[in-house]
Structures are given as C-alpha cells and as structure tokens.
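**Q** requesting a structural model of the entry that follows:
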Amino acid sequence: FTGEICAFKIHGQEMPFEAVVLNKTSGEGRLRAKSPIDCELQKEYTFIIQAYDCGSGPGGTNWKKSHKAVVHIQVKDVNEFSPAFKESVYKATVTEGKIYDSILQVEAIDEDCSPQYSQICNYEIVTTDVPFAIDRNGNIRNTEKLNYDKQHQYEIMVTAFDCGQKHATEDVLVRVNVKPVCKPGWQDWNKRIEYKPGSGSIPLFPSIHLETCDGPVSSIHTTIELQTNYIGKGCDRETYSEKSLQKLCGASSGAIDLLPSPSATTNWTAGLLMDNNDMIFKFDGKQGAKIPDGIVPKNLTDQFTITLWMKHGPSPGLRAEKETILCNSDKTEMNRHHYALYVHNCRLVFLLRKDFDQADTFRPAEFHWKLDQICDKEWHYYVVNVEFPVVTLYMDGTTYEPYLVTNDWPIHPSHIAMQLTVGACWQGGEVTKPRFAQYFHGSLASLTIRPGKIESQKVISCLQACKEGLDINSLESLGQGIKYHFNPSQSVLVMEGDDIENINQALRKVSYINSRQFPTAGVRRLKVSSKVQCFGEDVCISIPDIDAYVMVFQANEPKITISGMDHFARPAEQFERGVILLPDIRIVSTVTKTEHPVDSKEHDGANKPVVLEEMLHNLDFCDILVIGAELDPEQECLELDHVELQGKHLDATNSTAGYSIYGVDTMHSYEQVLRQVRYRNWYTSATFDRKFRVKCSELNGRYTSNEFNLEVNILHSSNSNFMDHVSHMIVEPQFLQSVHHPEGSISAVHNSVVPSVATIVIIICVSILVFIITLGVYRIRTAHQHSSGDNEGSKENEMDWDDSALTITVNPMEKYEKPHQPEEESEEEDLEDEEEDTTSAESDESEEEDEEEEEEEEVIVQKGDKQNATRQEQLEWD
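**A** Presented below is the predicted three-dimensional model:
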C-alpha cells in the first residue's frame with residue numbers, strides 16, 4: 001500500500017476542476033473540469049495539487065502526501081460572439097463643397113475573450129453608390145464634395161468584422177446631413193406669384209426672411225421694382241378711347257382725337273400700322289397721315305393743349321433728322337411751319353409761329369426740352385400746355401420747363417391753305433411735287449389737341465394713371481424705424497431699416513394690386529435688390545437680387561346681351577312728334593363659370609355644371625345704326641334731349657347713319673339714355689318702315705354685345721278705317737314690362753308677343769273670311785244680286801291687305817288668355833271668338849285711356865254703337 005498513489009488533492013477555493021487517479025502503481029492521474037469552462041468569465045486558473053499514497057495498511061491510515069505542485073490553466077477561446085455597435089444610429093452634419101478627413105467614427109465591440117476574436121479588424125460600408133469610405137478604425141469620410149441642392153441627406157449602412165472574420169449580426173445606420181454653405185440672401189420666397197382678376201391686393205413674399213450668416217449688419221436698403229414697361233403703354237391702364245378717358249377724368253370738353261380708330265368718318269388713320277388692342281400706331285419712318293380740313297380749327301387761340309403717348313428710341317446717324325409728331329404747314333407754294341411738335345436729337349421741340357395780324361413783335365417761337373425719357377424706348381405720357389407766351393410740358397405727370405426758348409418774327413399773312421399732319425410734315429413748297437418729309441420713327445397713341453383750354457394737373461395725373469402697382473398692407477403695422485418711399489406710378493418701392501426682423505416683416509406686407517375689372521393678362525416681372533451696411537467694416541456681405549414674376553390670369557369674358565321689344569308699329573301722326581325707339585331696352589352682362597362639385601366621383605371632368613352669373617361693369621359706347629338707306633335730314637332724324645346726359649359721364653353724336661352715345665358709365669346709365677332716344681319723321685307718306693340696329697361695347701370694342709335689330713312700321717290712317725278698330729293693339733300692354741323672363745328666352749318672348757307681318761295678314765284674312773260668310777248669309781235674304789258683287793269686292797280688299805306694307809300688332813293678351821282656334825272650326829265658334837276679342841279690346845282700351853289720348857280717340861267703340869261700327873266696317877270692306 002505504501003508504494004501506491006491513491007489520490008490527488010486540489011487546494012483552492014471552489015476550483016471547477018478535479019483530479020482522478022488512473023494508475024495507482026505508476027501514479028498516473030487526470031485533471032478534468034467538473035463543469036463547463038467559459039473563457040469570457042475567466043481566461044486562466046492557477047491552483048496547487050498534491051498526491052497522496054495509500055497509507056500503511058488497507059484502511060489507508062498513516063498516508064503521506066507529496067510536495068505541492070502548481071498547476072496553471074489557460075482557457076482557449078472559441079469565436080462564439082459577433083461584433084456589435086455601441087450606438088443604434090450615428091448622425092453627422094457636414095457643409096457642402098468640402099472634403100473631410102473624418103466625418104464621424106463608428107465603433108463596434110466583440111464579447112469574445114481572446115484578442116483574436118474580440119478585436120474588430122475591419123469595417124465596411126454596405127450601401128452602394130455613396131460618396132463615402134470607411135477605414136479599419138471606423139472613421140467615415142466623403143470621397144467627393146457634397147452638394148446641398150443635389151441631396152440634402154445621405155443614409156448609409158455600415159457593418160464590422162472581428163479578426164475571426166465574423167461580421168456583425170446587425171448593420172448600423174449612419175445618417176449624414178448636408179447643409180448649404182451659408183450664403184447671405186433672401187430665403188423662403190416663390191418665383192411665381194399668381195394673380196386672379198378681382199383679387200384686390202395680394203402679398204408677394206408672405207414668408208420671406210433675410211439670411212445674413214451672422215454678419216454684423218447695421219442697416220439694410222431694399223428696392224422692389226415692378227417691371228411693366230412691356231404691358232400696353234408702360235403699365236396696365238384702361239383701354240378706353242381717349243375721348244372716353246378724358247370724359248371720365250373730368251377733362252374739358254372739345255378735345256379732338258387726331259389718331260382715332262379707322263372708320264367711315266375717321267378714315268385718315270386707315271393706312272397706318274396699328275395695334276388694335278391698345279390703339280397704338282407705329283410709325284416706321286415711311287408713313288404720315290393728313291388730317292382733313294375742318295377737323296381742327298385754324299385758330300387754336302393763345303390757350304390750347306396737346307396730349308399724347310409716345311415711345312421713342314435714339315435716332316440713327318450722327319446728324320439726325322427732325323422727327324415730326326404733329327405739324328401744321330402750308331399746303332402749297334410755300335414751306336412754312338405754323339406750329340409743330342417734333343423730336344430732334346432726343347430733344348422735344350414745340351414750334352409756334354404767330355401771324356402778323358396777331359402780333360408784329362419778336363416773340364417766343366421754339367421751346368426745347370432735353371429729357372432722357374424721350375429716347376429710352378419706353379412709353380411716356382406728354383402734355384404740352386400752351387398759355388402763350390408760356391409753354392409747359394408735363395411728362396408722366398411731372399412738370400418740366402423748357403431749357404431753351406428761341407424767338408422769331410411772326411409769319412407774313414397769306415391766303416395759302418394749311419395742312420395738318422401726323423407722323424410727318426407736309427412739304428408743300430420748295431419741291432417739284434408736294435410730299436411728306438421729316439418722318440417719325442416710333443409709336444404714338446391718344447394724340448389729341450384741345451383748342452381754347454389748358455388741362456389741370458389733376459386731370460393730367462388721372463389720364464396717365466396706372467391701374468396696377470405695388471402696395472403695402474396695413475401701413476400702421478410696419479416695424480419701428482422702417483422708412484419707405486413709392487415712385488409716382490407705384491412701380492418702385494424703396495424700404496430702409498436697421499433691424500433685420502423689422503425689414504423681414506415689412507417686406508412680407510408688400511403686395512401687388514390691379515384695380516382693373518378686366519386686366520391685361522400676362523407676366524409682370526419683379527426685381528428685389530438690397531444693399532447692406534456693416535458695423536465699421538470695409539468688407540460687408542453681398543445680398544443677391546430676387547428675380548420673380550406675377551402671373552396675371554385672363555378675366556372671365558363677359559357676354560353682353562341687349563334685349564327688348566324688337567318690332568312695333570305706330571300711327572304716322574305719332575312719328576311727326578317723335579316716337580321712343582327703345583322704351584324697354586335692357587342690357588345684361590353674364591359670365592360663364594364652371595362649378596366644381598363637392599363629390600368629384602359623381603361628376604366627370606367633362607360634365608362639370610356650368611352656370612351663368614350676371615356681372616356689373618361699365619360700357620364705353622352704344623351705337624344706334626340705321627339699316628338700309630341713311631336718314632334723310634329733310635324729313636327724319638334721331639333725337640335725344642341732352643338733359644338726359646347730365647350727371648353722367650356720357651356724350652352723344654348724331655348723323656344720318658345713326659346715333660352714337662359714348663363715355664365710360666354703367667349699363668344702367670346707358671339703358672336710361674337709350675330709352676329716351678326718339679325717331680321723328682315729319683314726312684311719313686313716303687315711308688312705311690325703318691330698321692335700326694343697336695350695338696354696345698366695353699373697353700373700346702374688346703367686348704361687344706349682340707346686334708339687336710329693331711323694326712318700326714308707320715301706319716297710314718288713309719289706308720283703312722279698320723285700323724281704328726285694331727289701333728289699341730299696337731301699344732305693348734303694360735303688364736309685359738314687369739314680367740321678368742329667364743335669360744336666353746327674352747328675345748323669343750318678344751318675338752311671340754309681336755307677330756310678324758305674314759302672321760298678322762293671315763289672321764286678318766281669316767277674320768275677313770268669317771265676316772264675308774256672315775254678311776253673305778245676311779244679304780241672301782235682302783238682295784241676291786248685290787251679295788254676289790259684295791263677294792268680289794271683299795276678295796279684292798283681301799288681296800289689297802296681302803300686298804300692303806302695313807303691320808297690325810295683335811293684342812298679345814290673346815295668346816296668354818286663349819290659344820288660336822283652328823281654321824276648320826264651325827262658324828259659330830269663330831263668331832264667339834270675335835265677340836271675346838272685341839270685349840278684350842274694350843277692356844284694354846279702358847286701361848290705356850290715361851296714357852295716350854291719341855289712341856283713345858282712335859280706339860273708343862261704345863257698346864251701344866257696336867252694331868253701327870260693325871256695319872261701317874262691313875260697308876268699308878265691301
């Protein structure tokens with residue numbers, strides 16, 4: 001027993017190992033783990049072990065132990081854990097346009113215990129096609145310059161590998177935000193601003209603010225400019241005729257339009273190049289217009305006014321020719337200029353030569369103004385006020401005195417006729433053949449001359465006023481210390497302030513307004529320029545300009561409809577005193593609007609409900625034209641008491657071709673005046689009817705009404721006493737004037753109320769036939785031979801009525817009270833109807849007795865004399 005080894009003993013606290021004897025004789029044993037060993041919990045163990053023999057006897061007593069041996073155990077690692085990142089998401093912000101060595105660093109860890117498996121040996125970007133790279137230490141950098149406009153933010157996925165090449169189970173998200181390089185300037189504004197007609201004042205930049213990049217700003221100076229020089233004559237203005245505008249602005253009457261629209265009476269502008277929309281005449285250096293004699297009086301007096309719109313550029317050549325706007329020169333023999341307005345070397349010159357009979361001393365003759373605007377290729381409004389010897393120029397409402405006045409002797413008297421021209425000057429002498437000279441290059445519009453009066457500053461400002469411009473909403477709420485200034489046309493606004501936030505608030509209140517009901521559609525450019533001053537620094541930040549535009553939409557096009565009684569007849573005696581042509585004329589304007597249904601599923605896009613909506617707007621002229629032969633002034637005319645025009649912006653002209661009412665006023669005012677126009681004919685025997693046409697316009701013909709035709713018949717009493725019986729039917733019953741018809745059916749109703757000539761003749765023939773039959777039955781009893789003669793006479797009269805040009809208007813009440821009876825009915829029914837008609841006619845007579853005495857005399861048929869009246873008619877028809 002003493003020579004054998006029986007046990008091994010491990011000394012240490014709770015060691016997870018045990019030693020067992022494998023061979024007692026040889027002393028071989030084995031060291032083993034009692035439980036699983038985890039490197040991550042403990043990488044190595046050190047303990048003492050001793051061997052014991054089996055003692056001196058079988059009981060194991062007196063055993064002896066060996067010396068102590070130290071055991072050192074290292075636990076070998078297994079790659080059981082994957083790398084894991086410390087953060088769930090990594091974020092970084094970079095500035096565009098820069099290359100970074102390291103934007104941010106990602107870090108992963110591995111819980112394995114050995115250096116081989118616990119160390120992260122590599123990182124990798126999983127997301128493809130991104131401008132980033134990562135190194136072994138997890139540092140992420142950009143491989144190219146980032147652009148904020150191209151991409152505001154990048155999201156990339158990154159993984160990690162340990163040295164055993166085991167990768168992370170979950171990739172990590174890295175979010176890189178790109179911020180723009182701080183550029184000083186205005187931010188949060190829209191390039192396109194939409195404007196619908198009738199919107200009033202709309203803000204241009206409701207959210208704008210200034211970015212200064214923390215610059216030390218001390219003050220800001222901002223200019224907002226609305227560029228409208230390509231709209232009409234420099235901006236959106238009313239496009240009425242010059243006469244209508246002057247009436248609207250309260251100008252003195254008597255202005256003569258030298259550039260009117262071409263027409264039969266104003267044909268001298270027919271050969272000129274013209275833009276119809278805005279009444280602009282373009283002169284290319286080859287055209288001139290002769291004003292006919294009698295249009296402008298020869299003596300303009302010492303007070304007169306010349307007004308015009310002009311757009312003119314620099315003259316070609318070194319020594320430019322005179323460019324004539326208006327010239328009054330000798331028609332033949334000589335070449336004297338009596339008065340003229342012309343441009344020479346970008347100077348405006350007015351020439352006025354007095355006659356010897358007016359003055360025989362050295363007097364002012366030429367007045368010169370030197371202005372940059374004369375050759376800037378932009379529209380400007382010029383007014384030359386002459387109060388001889390003083391001449392004043394107004395340009396765009398601003399007064400300019402001449403910089404040079406030259407004197408000259410008066411013109412010697414002669415009997416040579418004068419020629420007034422526009423766009424060139426007439427050279428009547430010193431040449432083999434009289435011709436135009438000194439042609440104008442540019443555009444002219446609204447050229448007028450007003451003899452005997454000069455215009456006031458208020459009227460001049462009104463005539464050239466723009467209807468669109470910049471505006472400021474709620475001036476009282478502008479920030480403290482904000483200074484602002486508008487130019488006269490409100491197309492330029494200048495704002496200045498010290499505080500950035502106050503400037504931001506002020507600019508948000510700047511708005512665009514267009515007061516026209518039908519504005520000119522199109523683009524208005526906007527430009528905002530700013531200058532910044534900094535505290536005591538020579539170098540300060542620069543603010544880029546804003547380039548934006550206002551898009552003005554097209555207004556809904558109005559449909560102007562004229563309606564009323566389109567046919568009537570009156571006795572000839574009334575025409576001698578004058579008959580009102582349009583007693584019930586009505587002018588209505590409607591626009592077509594598409595309603596957007598609430599439930600879009602129920603309505604297709606093509607089947608949206610369309611509604612007609614009545615709108616109110618002005619008119620600028622209404623013409624009553626004569627259809628057919630012109631009026632004979634010896635026997636007929638159209639009349640209007642000019643008292644009807646008082647208190648209205650209206651005027652009227654009369655001619656044999658018709659009557660014209662013009663001026664900017666409401667449709668109601670035009671209705672009132674048109675209802676007072678009378679047609680007189682004091683020699684009616686040769687006239688049986690007259691036809692007229694009424695047409696109205698808004699904005700100088702931009703919107704026109706329908707052509708309303710009116711036919712008037714003159715009833716001659718000598719033709720038949722039968723007219724006395726039906727004359728009460730001629731006047732339209734009063735009740736019709738108060739009936740409101742649905743739109744679109746007005747003309748149809750009036751057409752049914754006043755039947756055509758053919759319909760009336762048919763009705764008369766049927767009535768005559770009934771009469772003949774009744775009379776035939778009666779006369780058979782009295783005289784058979786006479787009745788045969790009567791029949792022939794009746795037929796002749798019937799044929800006479802068919803050939804007659806008379807119109808008999810039947811009482812429209814018959815159509816409302818009872819329908820027409822067919823011709824096949826019995827004679828008894830026809831007789832009953834005739835009795836009802838007579839009763840109806842008598843009741844109408846009683847209603848109209850107070851209104852027209854003449855008709856009362858023609859119509860009265862007492863009940864007691866009914867039989868006599870019938871006999872008289874019977875004899876007349878025989």
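**Q** how does this protein divide into domains?
**A** Domain segmentation of the chain under the TED database yields 5-74, 84-179, 185-198+217-231+472-552, 242-464, 559-595+611-715.
**Q** now those domains as TSV including mean neighbour count?
**A** For the C-beta atoms, the positions are set from N, CA and C on the backbone; glycine is no exception. As requested, these are exported to TSV (neighbours: other Cβ atoms under 10 Å):
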stretch	mean neighbour count
domain 5-74	13
domain 84-179	16
domain 185-198+217-231+472-552	16
domain 242-464	17
domain 559-595+611-715	18
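**Q** now the helices: where do they sit in the chain?
**A** Ranges of helices within the chain are 115-118, 242-248, 457-463, 500-508, 572-577, 667-674, 722-726, 746-753, 757-782, 784-803, 813-817, 827-848, 853-859, 866-877, based on DSSP state H.
**Q** circling back: okay if I get the domains of the chain as CSV plus distance to residue 205 and mean pLDDT?
**A** As requested, those are exported to CSV (distance: least, Cβ to Cβ, whole Å; pLDDT from 0 to 100):
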stretch, distance to residue 205, mean pLDDT
domain 5-74, 65, 87
domain 84-179, 21, 92
domain 185-198+217-231+472-552, 5, 88
domain 242-464, 26, 85
domain 559-595+611-715, 30, 91
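**Q** of all those, which one is nearest residue 764?
**A** Closest of the domains of the chain to residue 764 is domain 559-595+611-715, at 13.5 Å (criterion: Cβ to Cβ).
**Q** tell me the span between the first and last residue of that closest one.
**A** By Cα to Cα, to the nearest Å, the extent of domain 559-595+611-715 from end to end equals 36 Å.
**Q** likewise stretch 676-683?
**A** Termini of stretch 676-683 sit 22 Å apart (Cα to Cα).
**Q** neighbouring contacts of the longest strand along the chain?
**A** Secondary structure of the chain per DSSP state E: the longest strand is strand 522-534. For strand 522-534, contacts defined as Cβ atoms under 8 Å, 6 or more residues apart in numbering pick out 184, 186, 193, 204-205, 210, 212, 215-228, 231, 468, 507, 512, 540-543, 545-552.
**Q** and the nearest residue to residue 655 once chain neighbours are set aside, how far from residue 581?
**A** Excluding the flanking residues, the one nearest residue 655 by Cβ to Cβ, 6 or more residues apart in numbering is residue 265, at 7.5 Å. Distance of residue 265 to residue 581, computed by Cβ to Cβ, to the nearest Å: 22 Å.
**Q** so residue 136 sits against residue 124, correct?
**A** No. In this structure, residue 136 is not within contact of residue 124 by Cβ atoms under 8 Å, at 10.0 Å.
**Q** ok, back up a step: so which of the domains of the chain is nearest residue 779?
**A** Proximity to residue 779 (Cβ to Cβ) singles out domain 559-595+611-715 among these, at 30.5 Å.
**Q** can you list the strands that the longest strand of the chain pairs with?
**A** strand 217-227 (antiparallel), strand 546-552 (antiparallel) (DSSP bridges).
**Q** adding distance to residue 240, write these out as JSON lines.
**A** Formatted as JSON lines, the strands paired with strand 522-534 follow (distance: least, Cβ to Cβ, whole Å):
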{"stretch": "strand 217-227", "distance to residue 240": "23"}
{"stretch": "strand 546-552", "distance to residue 240": "19"}
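**Q** so for residue 449, which of these sits nearest?
**A** Closest among these, using Cβ to Cβ: strand 217-227, at 32.5 Å.
**Q** hey, where'd the strands end up in the stretch 301-450 of the chain?
**A** All strands of the stretch 301-450 of the chain, identified by DSSP state E, counting those that start in this stretch, fall at 303-311, 323-330, 337-344, 347-352, 363-370, 379-387, 390-395, 398-400, 404-408, 418-422, 425-427, 435-437, 441-451.
**Q** quick one: the first one to strand 347-352, angle?
**A** Which is strand 303-311. Per axes from the mean of the first three to the mean of the last three Cα atoms, to 10 degrees, the angle that strand 303-311 makes with strand 347-352 is 150 degrees.
**Q** paired strands for strand 303-311, with orientation please.
**A** Sheet pairing for strand 303-311, using DSSP bridges, gives strand 379-387 (antiparallel), strand 441-451 (antiparallel).
**Q** quick one, the first one and strand 363-370 angle?
**A** It stands for strand 379-387. 160 degrees.
**Q** angle of strand 379-387 against strand 323-330?
**A** Between strand 379-387 and strand 323-330, the angle comes out at 30 degrees (the same axes, to 10 degrees).
**Q** this completes my enquiry, with thanks.
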